[in-house]
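show me how the following folds:
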Amino acid sequence: MIAAGAPKKRAISARIAVVLAAALAVGAAYAARGPDMRYVPEMAADPVMMSDEHPLYVQKFEVTVAEWNRCHGEGACDEPRRAPAGKSATRTPVTNLSHLDIEQYLRWINKRARHPFRLPTRAEWEFMARDVMPNKPDPIFTDRELSWASAYLTEGIAPRKLKVQGSFSESPEGIADLDGSVWEWTDDCYAGDSGVVPKELCPAYWVGGEHIAAVPFVERDPARGGCAVGAPPAHLGFRLVTDVPPSEK
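Residues are numbered from 1 along each chain as shown. As a prediction, the model looks like this:
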């Protein structure tokens, strides 16, 4: 004997199956469209051709206050940020960010943009900045006196005031402000004498700027310390890179 409600249940199950199939089809079609360009940031005009000849696609400017607050507004980044008085949030680099903060942003942007963005390695950062960073000879070989010693690597040469994007140099590939007042987090761990450690146990990361420095992963304000040698970074920010050209399919 067939229960009176069986045909109705079968009809509901069939309807659910149709709805699920349609949803899967829509999802597949959505993914097939490639990156969501509404979330993909402005990239440099040309990729950086690394020494091993693979192209690295680099964000033209550092991530801005407005871009960060978009992540916060969607509930993925914990704390909002403000641009200094008189500066535009859409043109001011976001700063006072720890490596933990940036990991939140990366999870969000990769999901929203449907594209594999990441932080550069230390070697990648140094290579992309090679044409815009000062390359002064070590004073030990050029100065007969030792008067330089007290100030060596303690007096910065880059302006420490936070400026809007485009205020500094641009690399041949079109990457702006690598030599500016914002020092940029990389994804390379600094573990001191302990050698290689798992990423979840990494105590500090390298940041790129006027010189390379090691900064604790929880640090947001480098003026309070965290730099092993030389003048501490003025501001901590970041820019994204990717190994895949972020263009529409």
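
quick check: the nearest residue to residue 189 once chain neighbours are set aside vs residue 165, distance?
Nearest residue to residue 189 in three dimensions, chain neighbours excluded: residue 202, at 3.9 Å (CB to CB, 6 or more residues apart in numbering). C-beta coordinates here come from the backbone N, C-alpha and C atoms, glycine included. Computed as CB to CB, to the nearest Å, the residue 202 to residue 165 distance reads 29 Å.

for the residue nearest to residue 177 when sequence neighbours are not counted, give me the pLDDT.
The spatially closest residue to residue 177, leaving aside those adjacent along the chain, is residue 168, at 4.5 Å (CB to CB, 6+ apart). Looking at residue 168, its pLDDT stands at 95.

so how far is residue 65 from residue 168?
Separation of residue 168 from residue 65 (CB to CB) stands at 18 Å.

the two: which has the busier surroundings?
Legend: neighbour count by other CB atoms under 10 Å for residue 168 and residue 65, higher for residue 65 (22 against 16).

for the more buried one, list the residues it contacts.
81-83, 89-90, 92-94 (CB atoms under 8 Å, 6 or more residues apart in numbering).

skipping its backbone neighbours, what lies nearest it in space?
Using CB to CB, 6+ apart and skipping residues adjacent in sequence, the residue nearest residue 65 is residue 89, 4.1 Å away.

then residue 222?
Leaving aside its chain neighbours, residue 222 sits nearest to residue 233 (4.1 Å; criterion: CB to CB, 6+ apart).

so that neighbour makes contact with residue 185?
No. The pair residue 233 / residue 185 is not scored as a contact, 9.9 Å apart, by CB atoms under 8 Å.

got the CA coordinates for the longest strand anywhere in the chain in PDB?
Counting by DSSP state E, the longest strand found in the chain is strand 182-190. Presented in PDB, the C-alpha positions along strand 182-190 are these (Å, rounded to 0.1, in the frame of the first residue of the first chain):
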ATOM      1  CA  VAL A 182      55.200  52.500   3.200                       C
ATOM      2  CA  TRP A 183      57.200  49.300   3.800                       C
ATOM      3  CA  GLU A 184      55.500  46.300   2.300                       C
ATOM      4  CA  TRP A 185      55.000  42.900   4.000                       C
ATOM      5  CA  THR A 186      56.300  39.800   2.200                       C
ATOM      6  CA  ASP A 187      55.400  36.200   2.700                       C
ATOM      7  CA  ASP A 188      58.900  35.100   3.700                       C
ATOM      8  CA  CYS A 189      59.400  34.000   7.300                       C
ATOM      9  CA  TYR A 190      62.300  35.300   9.400                       C
END
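
quick one: mean pLDDT for it?
95.

not counting its own residues, what contacts it?
Strand 182-190 is contacted from outside by 62, 93, 95, 97, 99, 102, 118-125, 162, 178, 196-197, 199, 202-210, 213-215, 222, 233-239, using CB under 8 Å, 6+ apart.

and these, which are buried?
The neighbour count (16 or more other CB atoms under 10 Å) marks 62, 93, 95, 97, 99, 102, 119-122, 124-125, 162, 178, 202, 204-210, 213-215, 222, 233-239 as buried among the contacts of strand 182-190.

please flag which of the residues you listed sit within strands.
204-208, 213-215, 235-237.

can you select the buried ones among the contacts of residue 65 for me in PyMOL?
Buried members of the contacts of residue 65, defined by 16+ other CB under 10 Å, are picked up in PyMOL with:
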select buried, resi 81+83+89+92+93+94
